[in-house]
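generate coordinates for the sequence data below:
(chains A and B)
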Number of protein chains: 2
Amino acid sequence: MKNAFYAQSGGVTAVINASACGLIEAARKVPDRIGTVYAGRNGILGALTEDLIDTSKDSDAAIAALRYTPSGAFGSCRHKLKGLEESQAEYQRLIDVFQAHNIGYFFYNGGGDSQDTAYKVSQVSEKLGYPITCIGIPKTVDNDLPITDNCPGFGSVAKYVAVSTLEASLDVASMCSTSTKVFILEVMGRHAGWIAAAGALAVSKTHDIPLLILFPEVTFNRTAFLEQVKEKVESHGYCSVVVSEGIRGVNGKFLSEAGEKDAFGHAQLGGTAPVIADLVKNALGHKYHWAVADYLQRAARHIASKTDVDQAYAMGKAALEFALQGKNAIMPIIVRKSSAPYRWAIGSVDLAKVANVEKMLPQEYISEDGFGITEACREYLQPLIEGEDYPPFRNGLPQYARLKNASVEKRLAETFSLTG
Amino acid sequence: MKNAFYAQSGGVTAVINASACGLIEAARKVPDRIGTVYAGRNGILGALTEDLIDTSKDSDAAIAALRYTPSGAFGSCRHKLKGLEESQAEYQRLIDVFQAHNIGYFFYNGGGDSQDTAYKVSQVSEKLGYPITCIGIPKTVDNDLPITDNCPGFGSVAKYVAVSTLEASLDVASMCSTSTKVFILEVMGRHAGWIAAAGALAVSKTHDIPLLILFPEVTFNRTAFLEQVKEKVESHGYCSVVVSEGIRGVNGKFLSEAGEKDAFGHAQLGGTAPVIADLVKNALGHKYHWAVADYLQRAARHIASKTDVDQAYAMGKAALEFALQGKNAIMPIIVRKSSAPYRWAIGSVDLAKVANVEKMLPQEYISEDGFGITEACREYLQPLIEGEDYPPFRNGLPQYARLKNASVEKRLAETFSLTG
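Presented below is the predicted three-dimensional model:
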């Protein structure tokens, strides 16, 4: 009987631990088929440095609490494996560690880069003659993995952005007669505008919010934008703007990079929202407020989407089940059966088809003027934010889990240097 | 039988509408003693311009929904009445409007400036010989009103900041081995550090977060701060910082004003968090992330404190009850009877004692090194964030109310110009 290796990779989310929970709980149900689930401390680094966590040291209750705990409970990393030829030593080391700990299953939970890593490990397994079942588990707030209908992690950020846009817009609406007239919320999404698009869900029949969205897929048009702001303020008294961090001007540069031109060589402080705010102030004279949600948006487990939590859990569970069925080099995916009522099922896709492919917001999801979403986009997004799944609270705060993360004794004599 | 005037003033909060709800529901229970509750559209401006809202046009269900709707449902304003001598015309106009609509009660819901307005109206009532009962209703996220133990609006922001600090810190902790090591959250509080202090509630026995707080009451000490960051990153691998927007350097200037020195005369983009982030990057080289919560923190009704909602409601209700008891020129307050278990009662204070007094974070609430809170501060803050009071959700979003806000027919021939 083989042990399993599980690790978390890339930017963490409100629900990546729910995937861990789904996988570990599924493994605990078949103790005759899966040995110990070892987690990599800080993603693939844990495998490379033989820094493994024995998840069996944590109680069933602690593992169950992962379902409602944001962040990466075992630590994550940003480390992309190079090609098989370039980095033979790294791959050999992985195999050595797997062999030393009798690991026959490799589960890697992450976005596009991480699926690339999972795919490479599956290839090296063949080449180096060490059999290991490799399964990727999808995760990314950016929602940019291909083939799967959506990515675990995204629905909760989308809900956070929609709720925050609604709440802040009601605030500005209250203030606009004598004070703030334009509110700008900066959200994540360096290349894909999925998260920004979710801001539009705040608009409804009840709340007719004058909202502009700035997508990274649309080149920023200063004149058209300012005209829209002017018009919204005239018609509604105020205007809300949701801007993706990754919008670019006609010169192809990120708007947040503008400050780099400072003749004194002052370091760029970053932030697209303040650049937009400054533009509005200078051109139209309106008082503004701006917010940058940054990590708050992807860590906000307190307002997670139940759909998202359920899907993240299901992906972890399915990963284990696929592995036990003998499938290899695949990633479980979410297949949409119907939008209203929302119905979905679990499918799978070859890792080779997923690695290094980014799914942008399609043109037909962006309104003609470039500042909003279409009905098709709304229909796609709506079910992903549905349902609440509050964590338990104590003393006014969510009771998020903290695992023991007990280290597994090292079995290899050699240490491995990550430098280079 | 007299009608009542109610208005919202200054920056809005997640629970100011709960005070409106408390007042209007209490008034509806005594239709034989109080006529119609008129709300001022956009605060005192509604009275000056005779732009009144007839709250009786909204159903009991709509008024009940105010309890869980953030922002100012009738519109707020930033407009400070001048002294009685300076601005005779404004005061005469208020009396004219009150008289035209048979208004005998004036309820003003706001912070320090607003209590000053309520106090002035009570004085002018005597001087101009028009009897009107004036009651202030406390509201401010800044928690800086004197005498009351705390201010409605603060508890919910405090809960938002504590929850967000916890969630973002777990995120950074996951990322710090290969990526972000310092996370900076900017919160409100231009003069008083109550909101920043609430970030410290994220630290617990379960979650030993390496956290630094930068208070406006403490002059920013660059060297000491950087030493602390360095130490925290060495001991824990990462560091979280909660910074009040109002911190100042040794020159007495806001840190966010630093950019104003730009030799090109570029407009200041604002934000204290990016200034701190830049400092950390330049001095220590750590990768950082920063967030600016801005309006999100005070509008976040989805994560409001139940204690806060209950108190906001109680203050509105008490305001009406005090008025019916014949009390005048007072503000209901929260009196703490005990911290653990938390017990509080309703008291009252003369408006003369409240107007224009700011309550800063006392020295004994700030830890000796200036970067944290004391046990006394924790004991004070803890009960204020306790309890959850989720709004109802539909389609994944809170079902916040939108009132009809039906206008009352004008009765005065003259319009009133606000200019000057």
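
helix or strand: which one has A:Pro274?
Applying DSSP states H and E as the criterion places A:Pro274 in helix A:273-284.

which outside residues touch the helix or strand following that helix?
Using DSSP H and E, the helix or strand that follows helix A:273-284 in sequence is strand A:288-292. Surrounding strand A:288-292, the residues in contact under the criterion C-beta atoms under 8 Å, 6 or more residues apart in numbering or on different chains are A:164, A:168, A:172, A:180-186, A:271, A:273-274, A:276-277, A:280-281, B:270-271, B:273, B:290-296. To be clear about C-beta, it is placed using only N, CA and C from the backbone, and glycine gets the same treatment.

what's the spacing between the helix or strand just after strand A:288-292 and its chain's center?
Tracing the chain C-terminally past strand A:288-292 and defining elements by DSSP H and E, one meets helix A:295-299 next. When distances are taken as C-alpha atoms, centre = their mean, to the nearest Å, helix A:295-299 is centred 10 Å away from the chain's centroid.

is helix A:295-299 up against chain B anywhere?
Yes: counting by C-beta under 8 Å from any C-beta of the partner chain, chain B has neighbours in helix A:295-299: A:Tyr295, A:Leu296, A:Arg298, A:Ala299.

so which of those residues is the closest to B:Ser240?
A:Tyr295 (9.9 Å; C-beta to C-beta).

look through chain A and report the residue furthest from the middle.
Here the centre of chain A is the reference, and by C-alpha atoms, centre = their mean the most remote residue is A:Thr178, at 38.7 Å.

that residue: what secondary structure?
Recorded secondary structure, A:Thr178: coil (DSSP: H, G, I helix; E, B strand; the rest coil).

how about the nearest residue to it once chain neighbours are set aside, what does it touch?
Spatial nearest neighbour of A:Thr178, excluding adjacent residues (C-beta to C-beta, 6 or more residues apart in numbering or on different chains): B:Cys77 at 4.5 Å. B:Cys77 is in contact with A:Ser177, A:Thr178, A:Ser179, B:Ser9, B:Asn42, B:Gly43, B:Ile44, B:Leu45, counting by C-beta under 8 Å, 6+ apart.

for B:Cys77, give me the pLDDT.
The per-residue pLDDT reported for B:Cys77 equals 94.

where's it, which helix or strand?
Per DSSP H and E: nothing holds B:Cys77, as it lies in no helix or strand.

repeat for A:Tyr105
Using DSSP H and E, A:Tyr105 falls in strand A:103-110.

strands paired with that strand, and their directions?
Next to strand A:103-110 in the sheet, as set by DSSP bridges, lie strand A:3-8 (parallel), strand A:133-138 (parallel).

show me which residues of that strand are buried.
Using 16 or more other C-beta atoms under 10 Å in any protein chain shown as the test for burial, strand A:103-110 gives A:Ile103, A:Gly104, A:Tyr105, A:Phe106, A:Phe107, A:Tyr108, A:Asn109, A:Gly110.

after that strand, which helix or strand is next?
Following strand A:103-110 toward the C-terminus (DSSP H and E): helix A:112-127.

and that following helix, what does it pack onto?
Contacting helix A:112-127 under the criterion 3 or more C-beta pairs under 8 Å, 6 or more residues apart in numbering or on different chains; DSSP states H and E are the following elements: helix A:88-100, strand A:103-110, strand A:133-138, helix A:351-354.

so of these, which one's packed in deepest?
Among the helices and strands packed on helix A:112-127, strand A:133-138 has the highest mean neighbour count (mean count of other C-beta atoms under 10 Å in any protein chain shown), at a mean of 28.

now do that one and helix A:112-127, the angle between them.
Interaxial angle, strand A:133-138 versus helix A:112-127 (axes from the mean of the first three to the mean of the last three C-alpha atoms, to 10 degrees): 170 degrees.

how about strand A:133-138 as PDB, C-alpha atoms only?
The C-alpha coordinates for strand A:133-138 follow below in PDB (Å, rounded to 0.1, in the frame of the first residue of the first chain):
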ATOM      1  CA  THR A 133       0.000   8.600 -10.000                       C
ATOM      2  CA  CYS A 134      -0.200  12.300 -10.600                       C
ATOM      3  CA  ILE A 135      -3.400  14.200 -10.200                       C
ATOM      4  CA  GLY A 136      -3.800  18.000 -10.400                       C
ATOM      5  CA  ILE A 137      -6.400  19.700  -8.200                       C
ATOM      6  CA  PRO A 138      -7.700  23.000  -9.700                       C
END
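
so where's chain A shaky on pLDDT?
Residue ranges of chain A with pLDDT under 70: A:258-270, A:419-420.

quick one, domains of it?
Annotated domains of chain A cover A:3-139+A:301-357+A:388-398, A:154-298 [automatic domain parsing].

what residues does the stretch 101-250 of chain A have near chain B?
So far as C-beta under 8 Å from any C-beta goes, the stretch 101-250 of chain A lies against chain B at A:159, A:162-164, A:166-168, A:170-175, A:177-179, A:183, A:185, A:201-202, A:204, A:206-207.

please pick the buried ones from those.
A:159, A:162-164, A:166-168, A:170-175, A:177-179, A:183, A:185, A:201-202, A:207.

among those, which ones are in helices?
Under the assignment DSSP state H, these contribute A:159, A:162-164, A:166-168, A:170-175 to helices.

could I get these as TSV with distance to A:Pro391?
Shown next, in TSV, are these (distance: C-beta to C-beta, whole Å):
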residue	distance to A:Pro391
A:Lys159	14
A:Ala162	19
A:Val163	16
A:Ser164	18
A:Leu166	21
A:Glu167	20
A:Ala168	23
A:Leu170	25
A:Asp171	26
A:Val172	30
A:Ala173	31
A:Ser174	30
A:Met175	32
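
how far does stretch A:189-199 stretch from start to finish?
Start-to-end span of stretch A:189-199 (C-alpha to C-alpha, to the nearest Å) is 13 Å.

in it, what's buried?
By 16+ other C-beta under 10 Å, the buried positions in stretch A:189-199 come out as A:Gly189, A:Ala192, A:Gly193, A:Trp194, A:Ile195, A:Ala196, A:Ala197, A:Ala198, A:Gly199.

follow-up on the earlier one: next, format the domains of chain A as CSV and append distance to B:Ala73.
Listed next are the domains of chain A as CSV, based on distance: least, C-beta to C-beta, whole Å:
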stretch, distance to B:Ala73
domain A:3-139+A:301-357+A:388-398, 22
domain A:154-298, 8
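
what's the closest of those to B:Lys120?
When these are compared by C-beta to C-beta, domain A:154-298 sits nearest B:Lys120, at 18.0 Å.

start and end of that closest one, how far apart?
Domain A:154-298 has an end-to-end distance of 8 Å (C-alpha to C-alpha).

and that domain, how far out from the chain middle?
20 Å.

quick revisit: out of the helices and strands packed on helix A:112-127, which is closest to B:Tyr38?
strand A:133-138 (55.4 Å).

out of the residues of helix A:295-299 next to chain B, which comes closest to A:Leu94?
For these, the nearest to A:Leu94 is A:Arg298 (28.1 Å; C-beta to C-beta).

quick one: the closest one and A:Gly10 touch, right?
No: between A:Arg298 and A:Gly10 there is no contact under C-beta atoms under 8 Å: 11.0 Å.

okay, those two: which has more neighbours?
A:Arg298 (30 against 27; other C-beta atoms under 10 Å in any protein chain shown).

quick one: contacts for the more buried one?
So A:Arg298 contacts A:Gly11, A:Val12, A:Thr13, A:Ala14, A:Pro70, A:Val141, A:Gly153, A:Ser156, A:Val157, A:Met188, B:Asp171 (C-beta under 8 Å, 6+ apart).

okay, now the third one: neighbour count?
Using other C-beta under 10 Å as the criterion, A:Thr13 is surrounded by 37 other residues.

how far away is it from chain B?
9 Å (C-beta to the nearest C-beta, to the nearest Å).

contacts only, for the nearest residue to A:Asn109 once chain neighbours are set aside.
Once flanking residues are discounted, A:Asn109 sits nearest to A:Ile137: 4.1 Å by C-beta to C-beta, 6+ apart. Contacts for A:Ile137 (C-beta under 8 Å, 6+ apart) come out as A:Ser19, A:Leu23, A:Phe107, A:Tyr108, A:Asn109, A:Gly110, A:Met315, A:Gly316, A:Ala319, A:Met331, A:Pro332.
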